[in-house]
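> just a sequence and a predicted model for now, questions to come.
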Amino acid sequence: FAAETGPFSGGTGTAEDPYQIKTVDDLKKLNDLSNDTATAAEYLAKHYKLMANLELNANSNDYAKWGDTAPAYAWVAIGQLSNVSLTGTFDGNGMTIKGLYSNSGNGKGFLWQMGEGAVIKNLTIANSYIMGGKYIFGIAGVMNGGTIDGCTVKDTILRATGGDYCAGIACWLLGENLVIRNCVSSATILQERGNKTAGIAACSKNVTIENCANLGTVNGLKYVGGIVGEMDVNTVIKNCYNLGEITANERLGGLVGYFKVAGGTVENAFTAGKVTQKEGQTATSVGAVVGQVPEGNMVNSNTIKNVYIDKNVAGTQKAIGDDLDDQTKNITALETAKMQGMDAVKTMKLDEKIFTAQEKDYPVFAYTLSKPADDGGNNGGSQTPGNDGNGGNQNTPESPRTGEAFPITLFAVLLCSVAAVVISRKRAHI
């Protein structure tokens, strides 16, 4: 007898036989079950595997215009309405989900909350427009536990209009022994109100962030960084880099905006992204690497080592805006020519197993070079509403969760212009 597959296209939800997400309807079913308090705990403890590239809204290449003209389907983050954490696994299987859209409310992104043992891996979110009040993210909103591994957010706008926390990968990290590994964000990130904004993690604690990069623009107010906005105790950032432009009022840096307290580590990293303080602001906590580092002590000491900045980009800007712990001495400024080219990995003493030199650009992660190109049709083809990926039609019911569009035509035009300028650099690194 065939095994019972439940409400999805295949699998039984165990680690050995995960539920198979093959169609847009499968993904919407997971969304519905995870947001229903009667079923959320059961289904968020299960294991899932994405089996095809999916497109939640048609014409997702026009995602930058969705702030002005809303698409048909408004996505609610997995588990957001039920406030139940994922404790199972979501394996993206190297596939891409396109066309996520939201325009109001808090906690907007792919999945709301991760608990102990949870894993999200090998997933790309692309061509999406995610806007809301606070807690706006690409992959996960809150990490109470778990690991995010091998995830990418690209060609996406993340826009927070009402409060704290906006980040390319995850917003608020507050569990124990958390890991974010092998992740890249090239999203356009904009926080209009509130603080804590970053390419990878808005606010970090008890986490190792390794082999991660930010390539997109990050624009916020305070506690803004390419990798982490506000860094709390027991945060380790290693083998990471930033090439995106960082703009804010105060406590902003190319890698980290602000060491909240002593006890953080940044090592084997580099940044070549421009760091710009907004006009009219006078705070001194603006640095090419870190905005502000507090004074360490015997219990909680700071560690910054083997970190590099592009002196041609930084100019006369300090490596650390307010350095209260004499850590600037551990940061080296190099000419662009030294940080690019075939000798750059050795020059910056980076791990040659992790970084690969490029002839006329900054080093990239070796794992990004092995990723297949996103052709929109791996393993059966792209899934869009009305297309089952195999030449047939798929009946996709309308979602009851749609929202009013927020008119920002000028904003969309500006974003398109920025994307055209930086897209060639991003492609080389993701």
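Yes, it's here.
> going forward, measure contacts between C-alpha atoms and count neighbours the same way
Will do.
> what helix or strand does Lys28 sit in?
helix 24-35 (DSSP states H and E).
> and whatever helix or strand comes next after that helix, average pLDDT?
Remark: after helix 24-35, the chain's next helix or strand is helix 40-43, criterion DSSP H and E. Helix 40-43 carries an average pLDDT of 98.
> check stretch 228-239 too.
Rounded mean pLDDT across stretch 228-239 is 96.
> so which residues make contact with that stretch?
Outside stretch 228-239, the residues that touch it by CA atoms under 8 Å, 6 or more residues apart in numbering are 196-212, 223-224, 252, 255-269, 300, 350-351, 354.
> start to end distance for it?
14 Å (CA to CA, to the nearest Å).
> run the chain-centre distance for that stretch.
15 Å (CA atoms, centre = their mean, to the nearest Å).
> follow-up on the earlier one: buried sites along the helix holding Lys28?
24-28, 30-35 (16 or more other CA atoms under 10 Å).
> I'd like to know which elements that helix is packed against.
If contacts are counted by 3 or more CA pairs under 8 Å, 6 or more residues apart in numbering; DSSP states H and E, helix 24-35 sits against helix 40-43.
> counting by contacts, list what whichever helix or strand comes after the helix it packs on packs against.
Once the chain leaves helix 40-43, the next helix or strand it forms, by DSSP H and E, is strand 47-50. For strand 47-50, the elements it packs on are strand 19-21, strand 89-98, judged by 3+ CA pairs under 8 Å, 6+ apart.
> what is the subsequent helix or strand relative to strand 47-50?
strand 54-55.
> average pLDDT for that next one?
Rounded mean pLDDT across strand 54-55 is 98.
> for it, packing partners?
With contacts taken as 3+ CA pairs under 8 Å, 6+ apart, strand 54-55 sits against strand 89-98.
> rerun that using 10 Å as the cut-off
Applying 3 or more CA pairs under 10 Å, 6 or more residues apart in numbering; DSSP states H and E, we find strand 54-55 packed against helix 24-35, strand 89-98, strand 119-132.
> re earlier: now the helix holding Lys28, how far from the chain's geometric center?
Here helix 24-35 is found 22 Å from its chain centre; the criterion is CA atoms, centre = their mean.
> kindly report the same for stretch 171-179.
Mean-position distance between stretch 171-179 and its chain equals 14 Å (CA atoms, centre = their mean).
> may I see the helices and strands packed on strand 47-50 organised as TSV, with mean neighbour count, mean pLDDT and distance to Val364 added?
As requested, those are arranged in TSV below (neighbours: other CA atoms under 10 Å; pLDDT from 0 to 100; distance: least, CA to CA, whole Å):
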stretch	mean neighbour count	mean pLDDT	distance to Val364
strand 19-21	25	98	31
strand 89-98	24	98	19
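> tabulate those (JSON lines), appending distance to Asp149.
Listed next are the helices and strands packed on strand 47-50 as JSON lines, based on distance: least, CA to CA, whole Å:
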{"stretch": "strand 19-21", "distance to Asp149": "19"}
{"stretch": "strand 89-98", "distance to Asp149": "10"}
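> among the ones you listed, which is nearest Glu192?
With CA to CA as the criterion, Glu192 lies closest to strand 89-98 of the helices and strands packed on strand 47-50, at 24.6 Å.
> got the angle for that closest one vs strand 119-132?
When axes from the mean of the first three to the mean of the last three CA atoms, to 10 degrees is applied, the directions of strand 89-98 and strand 119-132 differ by 40 degrees.
> helices or strands up against the helix or strand just after strand 89-98?
Using DSSP H and E, the helix or strand that follows strand 89-98 in sequence is strand 101-102. Judged by 3+ CA pairs under 10 Å, 6+ apart, strand 101-102 is in contact with strand 119-132, strand 152-160.
> for those strands, which one sits closest to Asp62?
strand 119-132 (7.7 Å).
> next one: stretch 39-48 to chain centre, how far?
23 Å.
> next, the distance between the ends of it.
For stretch 39-48, the end-to-end distance is 16 Å (CA to CA).
> return the set of buried residues in it.
40-41, 43-48.
> would you turn the helices and strands packed on strand 54-55 into TSV with distance to Asn330?
Output for these, formatted as TSV (distance: least, CA to CA, whole Å):
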stretch	distance to Asn330
helix 24-35	46
strand 89-98	37
strand 119-132	33
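> how about these, which one is nearest Thr188?
strand 119-132 (9.8 Å).
> what pairs with the closest one, and is each one parallel or antiparallel?
Here strand 119-132 is paired, per DSSP bridges, with strand 89-98 (parallel), strand 101-102 (parallel), strand 147-149 (parallel), strand 152-160 (parallel).
> deepest in the core, which of the helices and strands packed on strand 101-102 is it.
Neighbour counts (mean count of other CA atoms under 10 Å) averaged over each of the helices and strands packed on strand 101-102 peak at strand 152-160, with a mean of 27.
> list the contacts of the closest residue to Asn330 other than its chain neighbours.
Closest residue in space to Asn330, ignoring its immediate chain neighbours: Lys305 at 5.2 Å, by CA to CA, 6 or more residues apart in numbering. In this structure, Lys305 makes contact with 238, 265-269, 327-332, judged by CA atoms under 10 Å, 6 or more residues apart in numbering.
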